[in-house]
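Visitor: Next comes the sequence, and after it the predicted model I'd like to discuss.
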Amino acid sequence: MSEILKTIQLNKYFRETEEFHVIKSINMTINAGEFVTITGKSGCGKSTLLYLLSTMDNDYEGEVHINNTKVTGLSQNELAAFRNENIGFIFQFHFLLPEFTALQNVMMPALKLAKHSRAEIEERAYAKLKQMQMEDYALKLSGKLSGGQQQRIAVARALINEPKVIMADEPTGNLDSVNTGIVFDIFKELASKGNTIIAVTHDNDFAERSDRIIEMKDGEIVQ
């Protein structure tokens with residue numbers, strides 16, 4: 001399998017009243033098509049690590065390489081452009097715009113990337129909603145939908161630009177068991193088609209069904 005992401009001596013410090021070493025010399029490699037979960041107790045650094053990997057936090061020491069690109073050292077504008085094209089990010093809270101329809105929310109990253117016409121983007125957005133079993137809600141305001149429906153729309157939005165890597169921070173943390181199962185099955189299907197999934201989770205059942213578990217403790221990988 002080909003390498004899609006790696007870190008070299010990745011360190012992160014929080015410097016407020018005193019220095020706190022939150023991520024400690026992490027060297028890791030993730031291959032294309034892997035479904036990887038990052039686990040550990042609250043405060044172990046797993047979400048902090050994910051934000052470093054996603055390029056949304058670039059205040060660190062060491063190196064991050066994604067899809068054959070060294071993203072360490074890129075400008076904020078360069079990182080934003082790289083992220084929009086290569087990484088789909090799914091938050092625990094969906095962050096949809098409630099006054100926009102499901103379809104409009106899904107279209108937004110593609111409109112920003114501007115690689116296709118608006119008509120093509122709309123067609124692609126419908127396809128992603130269908131993949132999430134949400135096409136019947138395309139024209140519904142996202143603020144009027146249930147939490148599980150909103151999270152599936154958020155997954156569709158993360159997929160619209162066909163990213164190589166999909167990262168998720170507790171993507172099922174606010175979902176019931178039925179919707180958790182739906183999201184897991186979607187991730188497995190995406191991984192089977194070559195997408196790489198990296199998900200932070202505290203759900204042991206969810207993690208154990210992934211391809212590989214990376215367990216963290218006190219800012220380090222312990223397994």
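Guide: It's in.

Visitor: so where is this protein shaky, pLDDT-wise?
Guide: For the chain, applying pLDDT under 70 flags the ranges 1.

Visitor: Please enumerate the helices of the chain.
Guide: Taking DSSP state H as the test, the helices found in the chain are 46-53, 76-86, 102-113, 118-131, 147-159, 177-192, 204-208.

Visitor: what residues does the last one touch?
Guide: When you say that, I think you mean helix 204-208. Helix 204-208 is contacted by residues 37, 39, 172, 180, 184, 199, 201, 213 when judged by Cβ atoms under 8 Å, 6 or more residues apart in numbering. Where you see a C-beta, it was placed from the backbone N, CA and C, and this is true even at glycine.

Visitor: how does it look with 7 Å?
Guide: For helix 204-208, the surrounding residues in contact (Cβ atoms under 7 Å, 6 or more residues apart in numbering) are 37, 39, 172, 180, 184, 201, 213.

Visitor: Same list (the residues you listed) but as a markdown table, adding distance to residue 137 and neighbour count.
Guide: Below are those laid out as a markdown table (distance: Cβ to Cβ, whole Å; neighbours: other Cβ atoms under 10 Å):
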| residue | distance to residue 137 | neighbour count |
| --- | --- | --- |
| 37 | 28 | 24 |
| 39 | 32 | 22 |
| 172 | 19 | 25 |
| 180 | 19 | 20 |
| 184 | 21 | 21 |
| 201 | 26 | 24 |
| 213 | 33 | 16 |
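
Visitor: Could you identify the most distant pair in the residues you listed?
Guide: Taking Cβ to Cβ as the measure, those span a maximum distance of 16.8 Å, between 180 and 213.

Visitor: burial measure for residue 51, as a count.
Guide: Other residues lying near residue 51 total 17 when counted by other Cβ atoms under 10 Å.

Visitor: Next up, the contacts around it.
Guide: Counted by Cβ under 7 Å, 6+ apart, residue 51 has contacts residue 57.

Visitor: Residue 45 too?
Guide: 22-23, 216, 219.

Visitor: Please identify the buried residues of stretch 100-118?
Guide: Within stretch 100-118, the residues scored as buried using 16 or more other Cβ atoms under 10 Å are 101-110.
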